[in-house]
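> Make a model of this:
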Amino acid sequence: MTSEPGAVSAVFGQYGQRPVPVAVSAGAEEPATQGTRYINLLTEWSQTEESRGERLRYTRQYSLLCDRRTVLRTLPPGHCCPVQGELLSAQSASGSLKAVVREASSKGPGRQFLEVWSRTGMTKSIDLTALNQHGKVYEDAQFGSLAWSSCESRVLYVAERRRAKAESLPVLQPTPANGSEGAGPSGMEEQAGREDRSVYREDWGEGLTSKSLPVLCVADVHKGSVSVLQGVPEQVSPGQALWAPGDSGVVFVGWWHEPFRLGLRFCSNRRSAVFCVDLEGNCECLSSDSSAVSSPRLSPDGRSLVYLQGRVFGPHAQCLQLQLFDWQIRRSSLLLDVVSRPTPGQFAGVYDPLLPRRCWAEDSRRLVFSSPSRSRKEVFVVEVGSQRVTRLSDSSEFGSWKLLSIERDLMVVSCSSPSCPPFLRVGFLPPAGGEAGVAWLDLDDPRPVPDLEWRVLDVTLPPEEENAQYAGLDCDAVLAKPQGRRGSGRVPLVVFIHGGPHSQFGAEWNVSSAALVAVGFAVLMVNYRGSTGFGQDSILSLAGHMGRQDVKDVQRSVMTLLQSDATLDPGRVGVMGGSHGGFLACHLIGQYPDFYRACAARNPVINFATLLGTSDIIDWRYSALGLQYSFDRLPTPDALTTMLEQSPITHAAQIKAPVLLMLGGKDKRVSPHQGLELYRALKSRGSSVRLLWFAEDGHSLSRGDTQADCFLNVALWFLQHLCTL
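Next up is the predicted model:
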C-alpha cells in the first residue's frame, strides 16, 4: 500500500502520461513492388505533462506495406512531432494538401491563421483575424469542422459571427421640441447597429461558453479571401458542416436557439435538423425539424448521407436512430432503429452522437462505427441494403475498441482495457458478406500495467428492486484490483460511480482507476440501470426514480461483489463520483451511513430544487423526475417538493463518512453552490468534510494540474480513512 504523497503523485503522473490517440488520417498511396503499396497514416495523440499541468499534442507517422486487402507489415514509426498552436487540421481528398487553423501570438495575442501545407512546405497563410470577416474559429467537437472542397480550392469551417465593437454611448445633445429652438433635450436614440456592451449574450453552456452565434465560412485558398455563407435560417446555429455533392453547397446541422439556448455539451436531445444551403443562399431542410440530429456523413459516391436522430428533451443521452438520406430522391429512411432491450450477444444500439468523420466503406454501401454493448465497446459494420449489423471487434482481451477512421477500407481503431493503455490496431474491411474475418494487426505493442487484474461483474436484481414498468432489466460493473493478493490481507474497495447519468464505464483504460489500484485499492466501476449500452428501456427506467433505483443498483453491485470475492474487505469501503456520480455517492453515504467509510465527490448534485435556476440544462431537472419540459414551464410547489425529496441533502443529517468535495468555480452545469450546500450542512453538524475549490475550472475539472491535484487528494483521503482503521 503506497501512502507517501510523493509516491502517490508519481503513480498518477506515470499513468497519466500514457498517450491517447485522438485522430488519424491517411495520405496518398505510394506504389511498392509486385503489386503492393505503401499507405502512410498520420496519427495525432494527446499526452498530459504533469510538471506543467498541460495537455500536449503530437503527431506520429506510420507506413504500412499492403496488398489489396491485407496489411503485410509496418515500418518502424517516425519520431513524435509536437503540435504547436493547431486548433484544427484536415487533409484534402488527394492527400496532397493539408489545411491547418492555427492560433499564434507573433503578431498579437490570439491571432488566427488558415495555413495550407503541401509536401514541399507551406503554400498559403491567410490571416483570418486581419480579414475580420468573423470572430474566433470553432475548434470544438460539437460545432467545429474543417473540410476541403472536392476541387481542393476552398476550405469550409465554422466561426463565431463578427460583432460590432461596443462603442461608448453618444453624448446627449439638446434637440428642439415642437420646432422651437432651445427648448432643451427631448431624448436620445442609439445609432443603428450599435451594441450596448452590457447586453446579456447567451452561450451554449458548459464547455461552450465562448460559443454563441456560429456562422459558416468558406476560404478561397487561391485568392486568400474568406466569405460568410448567407441563407442559414435565423432561428438556428449551424455546425458540423461538410460540402454537399459536387461542392454545390454546404450540409450542416442547425440547432434551434429560440426562445433561448440550453446547454449542448453531452446533450444529444436538443432540437436540431440537417440543412443544405447552396452558394446562392437557398436553404433546404433535409431531415425532420422536430427531432434531435447530429453527425451528417456523406458517402464516397455522393449518393447517400447518414445522420443520427433522437428525441427532443427527455434523457440527455439516448439510444439513437441511424437515418439514411438518399440524395437523388431527397428522402430519408430508417437504417438502424432504437434498440429497446438487446438480448445477450445482440447489437445493443447506437449511443455516441458523434460518428467518426470518415466512417463509410469504399463501396458506399456499408458504414463502420463504434458503440457500447453493455460495458464493452465494439466496432460494427452495417450494410445499407440489408440493414445487417456485423461485429468486427473481439473484446475478449481488450474491452474497448474505438474506430478512429476508415479510409479506402483500411480501419484504424484504438484498443484498451482497464489494465492496458490505448494502442492502435489496423485491418482492412473484407468484402460484403465476409466482414467477420478481419485480420487485425497491432501498430504498437500493447503495454499493460503490471499487477492489475480486471473482470466484468454481471449483476442480477432481486424482485423487490425491479422497476414495475421496465421489469427484467439488469446492470453490470467493471472490477479492477491488485493482482495476486489472496494471501496478503484483504484489499480496501473504492466504489466509482459514473456521471451523466446516461453514460457508462467501459472496460477501457481509466487513469484514475488504474492509479488507485497501483496505490493498493480495488475499484468497482458500476453501470447502474440508466447507463448507455443496455438498451433504451434501461435509460427510460431511471426517470422519476433517481436517488432510489440507481442507489439500489450501486449497493446491489457492491454486495454482489463482496459476496463473491473474499480478497476484498467489506469493512473498508469508500465511494467516489462526479456530477450524477457525486449525487449517488452522497446518497449512498446518507442512506447507508454505517457501510461506507469515506466519500469523495466532484461537483456533485446535492439539491435538485436549488439547482433548477442555476444549471445550463434546466430541462433535465424536470426530465429527471419523469416530468415533461417546455421552455415556458414555471416551477410549482409540487415539482420543487419532488426535486427536494429525491436529493442527497435530505439525508445529510445521517451522514457519518468523512466527505471530500472538489468544486469548479466556473461550473455552469452543476453550480458549485451545490457542493457548498452540503459542505455547510456537514460543518454545522460537526461532520468531517474538506473542500477543494478550483476557481478557473468547470464541470469536468479537466485541467491537467487540477486532475493531478484531485487524484492526490482523493487517494490520500481514502488512505487516511480506509487504511488506518
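> hey, let's count contacts and neighbours off CA atoms from now on
OK.
> where exactly do the helices run in this protein?
5-16, 128-131, 511-519, 536-540, 549-564, 580-591, 608-611, 618-623, 637-645, 672-684, 704-722 (DSSP state H).
> ok, for residue 40, nearest residue in space, not its chain neighbours?
residue 63 (4.5 Å; CA to CA, 6 or more residues apart in numbering).
> so that neighbour makes contact with residue 77?
Yes. With contact defined as CA atoms under 8 Å, residue 63 counts as touching residue 77 (7.0 Å).
> Look up how far residue 674 lies from the residue nearest to residue 40.
51 Å (CA to CA, to the nearest Å).
> Listing request: residues of the stretch 401-550 of the chain with sub-threshold pLDDT.
For the stretch 401-550 of the chain, the stretches with pLDDT under 70 are 485-488.
> for the chain, same thing?
Those would be 107-108, 165-195, 485-488, 725, if you go by pLDDT under 70 across the chain.
> for it, which residue is closest to the average position?
By CA atoms, centre = their mean, the mean C-alpha position of the chain lies nearest to residue 266, the distance being 6.0 Å.
> ok, residue 618 - contacts?
262, 612 (CA atoms under 8 Å, 6 or more residues apart in numbering).
> could you redo the last one with a cut-off of 10 Å?
262-263, 611-612, 629, 631, 669 (CA atoms under 10 Å, 6 or more residues apart in numbering).
> thinking again about what came up before, tell me the contacts of the residue nearest to residue 40?
26-27, 37-42, 73-78, 443.
> Got a PyMOL select line for the buried ones in those?
Typed into PyMOL, the line below selects the buried ones among those, using 16 or more other CA atoms under 10 Å:
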select buried, resi 26+27+37+38+39+40+41+42+74+443
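> With just CA atoms, put stretch 75-94 into PDB.
The C-alpha coordinates for stretch 75-94 follow below in PDB (Å, rounded to 0.1, in the frame of the first residue of the first chain):
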ATOM      1  CA  LEU A  75       7.700   0.000 -41.000                       C
ATOM      2  CA  PRO A  76       9.200   1.500 -37.800                       C
ATOM      3  CA  PRO A  77       7.100   4.600 -36.900                       C
ATOM      4  CA  GLY A  78       8.600   8.000 -37.300                       C
ATOM      5  CA  HIS A  79       9.600  10.300 -34.400                       C
ATOM      6  CA  CYS A  80       6.900  12.100 -32.500                       C
ATOM      7  CA  CYS A  81       6.400  15.700 -33.600                       C
ATOM      8  CA  PRO A  82       4.800  18.200 -31.200                       C
ATOM      9  CA  VAL A  83       1.900  20.200 -32.500                       C
ATOM     10  CA  GLN A  84       2.200  23.900 -31.700                       C
ATOM     11  CA  GLY A  85      -0.900  26.100 -31.800                       C
ATOM     12  CA  GLU A  86      -3.000  23.900 -34.100                       C
ATOM     13  CA  LEU A  87      -6.700  24.200 -33.500                       C
ATOM     14  CA  LEU A  88      -7.900  22.100 -36.500                       C
ATOM     15  CA  SER A  89      -6.400  20.300 -39.400                       C
ATOM     16  CA  ALA A  90      -7.700  18.400 -42.400                       C
ATOM     17  CA  GLN A  91      -6.200  16.700 -45.400                       C
ATOM     18  CA  SER A  92      -7.600  17.100 -48.900                       C
ATOM     19  CA  ALA A  93      -9.100  14.100 -50.700                       C
ATOM     20  CA  SER A  94      -6.000  13.500 -52.800                       C
END
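> chain center to that stretch: distance?
22 Å (CA atoms, centre = their mean, to the nearest Å).
> repeat for stretch 141-149
With CA atoms, centre = their mean, you get 16 Å for stretch 141-149.
> Return the set of buried residues in that stretch.
Applying 16+ other CA under 10 Å to stretch 141-149 flags 142-149 as buried.
> buried residues in stretch 467-484?
467, 473-482.
> Endpoint to endpoint, it covers what distance?
38 Å.
> thinking again about what came up before, from the contacts of residue 63, which two are the most distant?
37 and 78 (18.3 Å; CA to CA).
> all strands for the stretch 101-250 of the chain, in order.
Per DSSP state E, counting those that start in this stretch, the stretch 101-250 of the chain carries strands over the ranges 111-118, 121-127, 146-148, 154-160, 214-220, 225-228, 236-243, 249-256.
> That should have said the stretch 251-400 of the chain, apologies.
272-278, 283-285, 292-298, 304-310, 321-326, 331-336, 366-373, 376-383, 389-391, 400-407.
> Same list (these) but as CSV, adding mean neighbour count and distance to residue 132.
Putting the strands of the stretch 251-400 of the chain into CSV (neighbours: other CA atoms under 10 Å; distance: least, CA to CA, whole Å) gives the following:
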stretch, mean neighbour count, distance to residue 132
strand 272-278, 23, 23
strand 283-285, 16, 25
strand 292-298, 26, 29
strand 304-310, 24, 33
strand 321-326, 20, 36
strand 331-336, 16, 38
strand 366-373, 24, 38
strand 376-383, 22, 43
strand 389-391, 18, 48
strand 400-407, 25, 34
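> just checking, residue 714 touches residue 576?
Yes. Using CA atoms under 10 Å, residue 714 is in contact with residue 576, at 8.6 Å.
> of the two, who's got more company?
Comparing residue 714 with residue 576 by other CA atoms under 10 Å, the one with more neighbours is residue 576, at 25 against 22.
> The more buried one pairs with what?
residue 496, residue 600 (DSSP bridges).
> so it sits right up against residue 512, yeah?
No. Applying CA under 10 Å, one finds residue 576 not in contact with residue 512, separated by 11.0 Å.
> Overlap in contacts, these two.
496, 714.
> Spit out the contact partners of residue 498.
504-505, 525-528, 531, 576-582, 584-585.
> Name only those of these that count as buried.
By 16+ other CA under 10 Å, those give 504-505, 525-528, 531, 576-582, 584-585 as buried.
> need the contact list for the residue nearest to the centre of the chain.
Residue 266 neighbours (CA under 10 Å, 6+ apart): 142, 206-207, 316-317, 352-353, 500, 502-503.
> which one of the residues you listed sits closest to residue 371?
Distances from residue 371 to the contacts of residue 266, taken by CA to CA, are shortest for residue 352, at 6.7 Å.
> With adjacent residues omitted, what lies nearest to that closest one?
In space, residue 352 is closest to residue 371, 6.7 Å off (CA to CA, 6+ apart).
> do residue 97 as well
Nearest to residue 97 is residue 118, by CA to CA, 6+ apart, at 4.8 Å.
> Same check on residue 148?
residue 155 (4.6 Å).
> same check, this time on residue 557
Residue 557 sits nearest to residue 459 (CA to CA, 6+ apart), 6.0 Å away.
> picking up where we left off before, what about the residue nearest to residue 97, neighbour count?
14.
> quick revisit: and the residue nearest to residue 352, what are its bridge partners?
If you apply DSSP bridges, the partners that residue 371 bridges to are residue 378.
> Residue 46 now?
Counting by DSSP bridges, the residues bridging with residue 46 are residue 20, residue 57.
> need the contact list for it.
17-23, 55-59, 82-83.
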